[in-house]
Structure formats: structure tokens, C-alpha cells
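Enquirer: Sequence and predicted structure, then a few things I'm wondering about:
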Amino acid sequence: MIPNAFLNDLFKAAVAAADPARCVPPHLPEPPKGRTIVVGAGKAAAAMAKAVEDNWSGPLEGLVVTRYGHGAPCRHIEAVEASHPVPDSAGREASDRILKMVGGLTADDLVLCLISGGGSALLAAPAPGLTLEDKRGVTARLLRSGATISEINCVRKHLSAIKGGRLAMACAPARVVTLAISDVPGDDLSAIASGPTVADPTSFADALAVLAAYRIEEPRDVLAHLKAAAEETPKPGDPRLARVETKLIATPQDSLEAAARVAREAGVTPVILGDSIEGEARDIALMHAGIARQVARHGQPTPAPAVLLSGGETTVTVRGEGRGGRNAEFLLALTADLAGAPRIHALACDTDGIDGTEDNAGALAGPDTLARAEALGLDARASLTNNDGYGFFSKLGDLIITGPTRTNVNDFRAILIAGDPKP
């Protein structure tokens, strides 16, 4: 077995399990008596729209918004590209158009909503009284603060004219069917893309508490809007959402199980640590390193060869000036802690193909990583202090570059503990 090839095979299996061409068709509803309007947002939105077109028997029309570079060729559904993770005018304009498109529908019409991770930033319609710059300002501060995705999305919902169930209200009285690919810990439907068609259990007060916890006091118009709490998002049980149905069609757990099957076929025991692991990337790395050492030294919880698999969404509190997303940060911290431990190889990637805002999905590391780095004059711990995982692994030639995968079930981590070499 070639460790890096094996780890790459696991990642490919995880991504394939969430391919819209595979997971959308089985969940499509019957065509309605009236019109079919397809709307949506997220890194998988364009690929999901294409899957709908390829498997739909009647007329349809619509618009979805996806991240720049994540488009797919569609015939009847317009796919607009916009900025992620900080919103831009293209996302705002697409969101405004979606809201107009679903207005004035009847009870005979169907709105098919295609939702995936990244939709929170892409559906950039500010609440009345706020500007796009207000949303950009608070988003940028939250992304650097170490806030979890659930906390960030709580704030986003209460600054939006479309998220937090507001899109579903705009569709009434039409039937709404949402197909969702989960990228959030716990597969909380109200958190995926900030739940544009799902009742919102959070409040303006919760959003204010998030900003207070991370000492975010700008932009002032954002705080004033949250304090005013003029129009709360629809809550569970709201009758205005009575004709809304949501289907979860792909999850992080599905992808972990797909990778586990590939591992078993290769004679390697998979250990799934969790599909919803959160926390600082470098702290999560220390936990994974400890478990890997336990397998290597003591054969617990299973003897080698084994592979530790995990998903979820870690966070990075940015203090340095380097480049890199949370997966590069995780892998750099893991590498520094393992300190060249023999037989342990690792991969950490984002299933959307983009780690943070860089051009890589993630990276690979192994027992020789530190030695090769030192030969090039690289210091792993100094790079970690500078949040420069991208720079570190780029100079080693260990970045994984896939380009956009057009799906998103969040982070994928695989740590292989190889068996003892035969004498």
C-alpha cells in the first residue's frame, strides 16, 4: 500500500458520496400542476441544478447562486456566481432576483430549493436598513474571531431579508421542497446555508450575544439593527411554513462511511471518530495525534493497520499573517505534535475542494514531513504561530489541489496508522 495514494482514494470516495448527480435524483418530487421554480444557493447549487434538469420530466425555470468557479452548465436554470465567504454585490443581486422570482406564486406551483454549504454568504440580501458593506464588515470580523459556523450563521440570519426561513415565507402559498446537502455539525437543517426555508430557533438576542462574546462592536448599524429586533425570524410551528418540506440528501456521515468501505476493501480497519467535530483546528489536531499514537503503540482502540476518519468544521483564530485554511492549520499542528512518529500518515481536506480562500483542498503529511521541512529551512511551529499552513505545505509540494468539487459536506480528515513492516 502506498499511504498517500490510499488516503487520496478515501478522500475521493468521500467526495463522490456527496456528488449531486448521485444524490439529487432519488429525492425529486413529482411535477406540480402549476409552475416549477428552482432556486438555491451554495457551493453545490449549480451542480444540483444540473442534476435536476437532467432528471426532470416537465418545464422548469429558476436561478441558483454558487461560489465563483463552482458553476455548471445548465439549460433552463440560471447559475450565478458570487463571492464566498465574504459576500459581494453579485450575491446580493442574485438574492434580490430570487425573492422577486418566488413572489406571486399560487398553491398549484412548486418551488424546488437547492441548498448546500456556502449559501449563507451567497444569499446576500441585507435586511431593511442595512447595506452590503454592513454585512461584509461583520462577516469578515466573525471569520477571524474563532466563532463557530453555528454562531456565525445565527448572526447572518438576523441581518438578512432571505435567510432564517424568510425565503419560504416569500414563496407562500406555493409548495416548497428543499433538497439539502449538509455541511454543518449535527446536520441542523436550520444551519445549512442559514436555513432560508427552515424555521429558525435562534433570536436577535442570540445574535447579539455572539457579537458580544467575540467583542465585535462594528459596524454600528449592525448592532443597532440587532438591538431593535424589529421583525423576528419564523419559529418552529409557524403556520406560514406549513407547506414546506425539507429533505437531507447527503451528509458528512455518508461520506465518512463511503471512505470506511474503501478502507475495509484495502484491509485497513476504519475508526470513525465523529462527523461533527468542532473546535480550534490546532486543538482538534492534538486530540487526533493522541489517538493515532495510541493505535501505533498499544493497538487501541484497534490494532494497525487502521485509519482514523473524522468530519465536522474546525475554526481558526487568526493571529498571524500567513496563508491557509482550517485543514492546512489542522495538518500543520498534527505534524508538529507527532514530531515524525513512524507509520503515521495523514490527509486533511475540505470536500468542496477549497480550503478557506486558497486554491487547495488541503494537504498530506507523513513521518518524513518534518525532516523534509527542516532541510528546506522551514519551522513547523513557527509556521503554525503565523497561521501559514498553506505556505508550509506548498513549499514541500504536499498540497492537494482538486479544484472545486461542486459539492460540500465539510472537512474530511484521514489518519493512517500503517502496520509494522514485516521482518
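Expert: Here it is on my side, so go on.
Enquirer: Give me the neighbour count for residue 131.
Expert: Using other Cβ atoms under 10 Å, residue 131 has 13 neighbouring residues. C-betas here are computed from N, CA, C, even on glycine.
Enquirer: OK, contacts around it?
Expert: residue 221 (Cβ atoms under 8 Å, 6 or more residues apart in numbering).
Enquirer: So it versus residue 92, what's the distance?
Expert: Residue 131 is 9 Å from residue 92, where distance means Cβ to Cβ, to the nearest Å.
Enquirer: And for residue 402?
Expert: 29 Å.
Enquirer: what about the two, which has more around it?
Expert: Taking other Cβ under 10 Å, residue 402 and residue 92 do not tie; residue 92 has more neighbours (23 against 19).
Enquirer: Quickly find the element holding the residue nearest to the more buried one when sequence neighbours are not counted.
Expert: Using Cβ to Cβ, 6 or more residues apart in numbering and skipping the chain neighbours, the partner closest in space to residue 92 is residue 124 (4.4 Å). Residue 124 belongs to no helix or strand when elements are defined using DSSP states H and E.
Enquirer: List the residues that contact residue 124.
Expert: By Cβ under 8 Å, 6+ apart, the neighbours of residue 124 are 82, 87, 88, 91, 92, 95, 132, 135.
Enquirer: where does the nearest residue to the first one once chain neighbours are set aside land on pLDDT?
Expert: Ranked by Cβ to Cβ, 6+ apart and with sequence neighbours excluded, the top spatial neighbour of residue 82 is residue 91, at 3.5 Å. For residue 91, the model assigns a pLDDT of 93.
Enquirer: any residues touching the helix or strand hosting residue 91, and which ones?
Expert: Using DSSP H and E, the element containing residue 91 is helix 89-101. By Cβ under 8 Å, 6+ apart, the surrounding residues in contact with helix 89-101 are 37, 39, 41, 62-63, 65, 80-83, 121-126, 132, 161-162, 167, 170.
Enquirer: What about those, which are in strands?
Expert: The members of the contacts of helix 89-101 that map onto strands under DSSP state E are 37, 39, 41, 62, 63, 65, 80, 81, 82.
Enquirer: What is the burial count for the first one?
Expert: Residue 37 sits with 23 neighbouring residues when counted by other Cβ under 10 Å.
Enquirer: what pairs with it across the strands?
Expert: Applying DSSP bridges to residue 37 gives these bridge partners: residue 61, residue 111.
Enquirer: can you give me the strands for the chain?
Expert: Going by DSSP E, the chain shows strands at 36-41, 61-67, 77-82, 110-116, 175-181, 244-250, 269-280, 306-315, 344-350, 362-365, 399-400, 411-417.
Enquirer: Adjacent strands (with direction) for the fifth one?
Expert: Strand 175-181 has its sheet partners listed here by DSSP bridges as strand 110-116 (parallel), strand 244-250 (parallel).
Enquirer: repeat for the last one
Expert: The partner list of strand 411-417 in its sheet, established with DSSP bridges, is strand 306-315 (antiparallel), strand 344-350 (antiparallel).
Enquirer: With only the CA atoms kept, save it in PDB.
Expert: Output in PDB follows, covering the C-alpha atoms of strand 411-417 (Å, rounded to 0.1, in the frame of the first residue of the first chain):
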ATOM      1  CA  ASP A 411     -14.000  18.800   6.400                       C
ATOM      2  CA  PHE A 412     -12.600  15.300   5.800                       C
ATOM      3  CA  ARG A 413      -9.700  14.000   7.800                       C
ATOM      4  CA  ALA A 414      -8.000  10.600   7.500                       C
ATOM      5  CA  ILE A 415      -5.000   9.500   9.600                       C
ATOM      6  CA  LEU A 416      -3.500   6.200   8.500                       C
ATOM      7  CA  ILE A 417      -1.500   4.200  11.100                       C
END
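Enquirer: mind listing the helices for the stretch 101-250 of the chain?
Expert: Assigned by DSSP state H, counting those that start in this stretch, the stretch 101-250 of the chain shows helices spanning 119-122, 132-145, 149-157, 166-171, 204-213, 220-228.
Enquirer: which secondary structure elements does the shortest one contact?
Expert: In other words, helix 119-122. Contacts defined by 3 or more Cβ pairs under 8 Å, 6 or more residues apart in numbering; DSSP states H and E place helix 119-122 against strand 36-41, strand 61-67, helix 89-101, helix 149-157.
Enquirer: Name the residues of the longest one that are buried.
Expert: Okay, so that is helix 89-101. 90, 91, 92, 93, 94, 95, 97, 98, 99, 101 (16 or more other Cβ atoms under 10 Å).
Enquirer: again with the second one
Expert: Within strand 61-67, the residues that qualify as buried are 62, 63, 64, 65, 66, 67, counting by 16+ other Cβ under 10 Å.
Enquirer: so how far is it off the chain centroid?
Expert: 18 Å (Cα atoms, centre = their mean, to the nearest Å).
Enquirer: That strand versus strand 36-41: what angle between them?
Expert: 10 degrees (axes from the mean of the first three to the mean of the last three Cα atoms, to 10 degrees).
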